[in-house]
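Trainee: just to be clear, the model below is a prediction. Sequence and coordinates:
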Amino acid sequence: MGMQAFLQKVLLLELWQGMWVTLKNQFRPHITVEYPRETVEFAPRFRGVPRLRKDPQTGEELCISCLLCEAICPTECISIVAEKRPDGKGKQLVSFTINYERCCFCGLCVDPCPTKPITAIYMSHDYEFAGYDRDAYVATREELVDGKPVKIYTR
Ligand code: SF4
Ligand code: SF4
């Protein structure tokens with residue numbers, strides 16, 4: 001063992017170097033986000049869970065029950081039940097659920113949605129759904145429109 005390696009071992013130089021790095025950074029501003037107490041601002045294209053929306057002008061439901069989003073979803077987490085309208089023109093929703101537990105946030109369900117000028121289904125910025133109950137991950141039609149209530153655990 002050379003003299004330098006011997007001194008390094010005896011004086012625990014590497015340990016003190018490591019301690020020095022820790023000490024130096026103690027007094028610098030934090031560069032990490034202290035989630036969940038702090039959050040970052042998302043880019044407009046951030047993809048949270050998919051949700052449904054109404055026509056902003058009329059307040060009417062936009063979804064026309066075409067089932068395209070259900071058909072394209074690779075994880076089969078969308079379930080739609082539709083029936084014929086009483087006037088015989090097209091279909092209307094009976095139920096629309098998305099199982100967020102299976103959703104992989106791919107956004108494919110939005111691409112074929114035919115409603116204009118905005119799609120009935122869209123990728124929201126909602127993402128905070130940690131919980132203990134598996135059933136809580138299934139979003140109903142109303143929750144898809146209004147947003148699923150978020151349980152705050154630590155803030
Ligand atoms: S984002 Fe992807 S996985 Fe989630 S509901 Fe849409 S198509 Fe399915
Ligand atoms: S693709 Fe759009 S209009 Fe068709 S069922 Fe899905 S949300 Fe409704």
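Mentor: All right, it came through fine. Ligands and ions are numbered 1, 2, ... in the order given.
Trainee: which bits of the chain sit near ligand 1?
Mentor: Contact residues, the chain versus ligand 1 (Cβ under 6 Å from any ligand atom): 50, 73-75, 77-78, 98, 103-109. For the C-beta atoms, the positions are set from N, CA and C on the backbone; glycine is no exception.
Trainee: in this structure, where's the longest strand?
Mentor: strand 91-99 (DSSP state E).
Trainee: pLDDT of the longest helix along the chain, averaged?
Mentor: When the chain is parsed with DSSP state H, its longest helix is helix 13-26. For helix 13-26, the mean pLDDT works out to 92.
Trainee: how about that helix: buried residues?
Mentor: By 16 or more other Cβ atoms under 10 Å, helix 13-26 has no buried positions at all.
Trainee: can you name the element that comes right after it?
Mentor: strand 50-52 (DSSP states H and E).
Trainee: quick revisit: the very next helix or strand once past the longest strand of the chain pairs with which strands?
Mentor: Using DSSP H and E, the next helix or strand after strand 91-99 towards the C-terminus is strand 121-123. Take DSSP bridges as the rule and strand 121-123 pairs in its sheet with strand 50-52 (antiparallel).
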